[in-house]
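Q: Structure of the sequence below:
(one chain, ligands or ions: 1)
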Amino acid sequence: MHSLDGKVAIITGGNSGIGKATASLFAKEGAQVIITGRRQEVLDAAAEEIGHGAVGVCGDVAQYDFHQRLADKVRKMFGGVDVYMANAGIINLEGSAAVSVSDYDKHFAINTRGVFFGVQAISPLIRAGGNIIVTSSLAATKVLPQHTLYAGSKAAMAAFARNWAIEFKERKIRVNILSPGPTETEILGKLGVTDADRPGFEAHMANLIPAGRMGRPEELAEAALFLAAKGTFVNGVELIVDGGMSLT
Ligand SMILES: NC(=O)c1ccc[n+]([C@@H]2O[C@H](COP(=O)([O-])OP(=O)(O)OC[C@H]3O[C@@H](n4cnc5c(N)ncnc54)[C@H](OP(=O)(O)O)[C@@H]3O)[C@@H](O)[C@H]2O)c1
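A: Residues are numbered from 1 along each chain as shown. This is a model prediction of the structure:
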């Protein structure tokens, strides 16, 4: 008997990093997993690696129609959903003076609007006893250099999640926030940290984190599993998984 036997879980941004590690763990725990991302070949490879019949659905969370298409597909294939993890996200670090309108719109279209309309489309499919996890960031509550735009785009999630926890209470759907601290994923490369720079970057981060190192995607996945399966009385909370960085 596994903790997610017979459950259906959707994880956006499930072809990489924290999302992929979570999808792998949920699948091992018995869930039928549906992962999303924009890169078809990376999605296919991730679904293959996750195994257990994982399904990939390609699309952009910034597009309103994508969420409707995903909901239709999942309804037809599986009838309903038990866990929805709105995890897809981007980050570009720069001081506010350098932020363009297009950077601003991109962050809010993906990190904020994508989460809102994802929940709007998928929540009608969530069965009683199910739950929603939104991946925010330590940066939403801790001031970090050059994080202003990203922090703002993530901070809305806490307000969304707390309101949804009340909106969905009659339907017995819990809603929680998972906020990672610095975690070793592809996002670092997307931020411009090259392979050559990586040891220096990781050593710098290790100095800032009481745990003395960055987090691993598998550690975030364990926290997501707790919220999804074990934490049945946990609702409307922000679980910060950051090796203690919020204390510094
Ligand atoms: N790693 C960290 O240090 C850290 C810290 C705090 C919070 N987070 C948050 O954790 C979440 C996962 O990040 P990660 O570190 O695992 O990074 P990652 O490895 O870069 O994964 C990001 C995922 O989001 C997907 N994605 C990005 N934009 C998308 C879009 N417009 N439509 C659909 N999918 C999109 C990516 O897939 P495609 O590229 O194929 O679209 C990828 O699967 C993000 O929300 C991030 O903000 C990460």
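Q: Tell me the secondary structure at Gly192.
A: Three-state assignment for Gly192 (DSSP: H, G, I helix; E, B strand; the rest coil): coil.
Q: neighbours around it, how many?
A: Look at Gly192: counted by other Cβ atoms under 10 Å, it has 9 neighbours. In short, each C-beta sits where N, CA and C put it, glycine included.
Q: gap between it and the ligand?
A: Distance from Gly192 to the ligand, counting by Cβ to the nearest ligand atom, to the nearest Å: 13 Å.
Q: Please renumber the chain so that the first residue is 429 from this point on.
A: Done: numbering now begins at 429, and the last item shifts to Gly620.
Q: ok now the longest helix anywhere in the chain, how far from the chain's centre?
A: Using DSSP state H, we find that the single longest helix of the chain is helix 576-595. Its chain's C-alpha centre and that of helix 576-595 lie 13 Å apart, by Cα atoms, centre = their mean, to the nearest Å.
Q: buried set for it?
A: 576-586, 588-590, 592-593 (16 or more other Cβ atoms under 10 Å).
Q: which helices and strands sit right next to it?
A: Counting contacts by 3 or more Cβ pairs under 8 Å, 6 or more residues apart in numbering; DSSP states H and E, helix 576-595 is packed against helix 529-535, helix 542-550, strand 554-563, strand 602-608.
Q: same thing but at 10 Å, please
A: strand 509-514, helix 529-535, helix 542-550, strand 554-563, strand 602-608, strand 666-669 (3 or more Cβ pairs under 10 Å, 6 or more residues apart in numbering; DSSP states H and E).
Q: Nearest to Phe544 among the buried residues of helix 576-595?
A: Using Cβ to Cβ, Phe588 is the member of the buried residues of helix 576-595 that lies nearest Phe544, at 6.2 Å.
Q: Test my guess that the closest one contacts Ile605.
A: Yes - checked against Cβ atoms under 10 Å, the pair Phe588 and Ile605 is within contact range at 8.9 Å.
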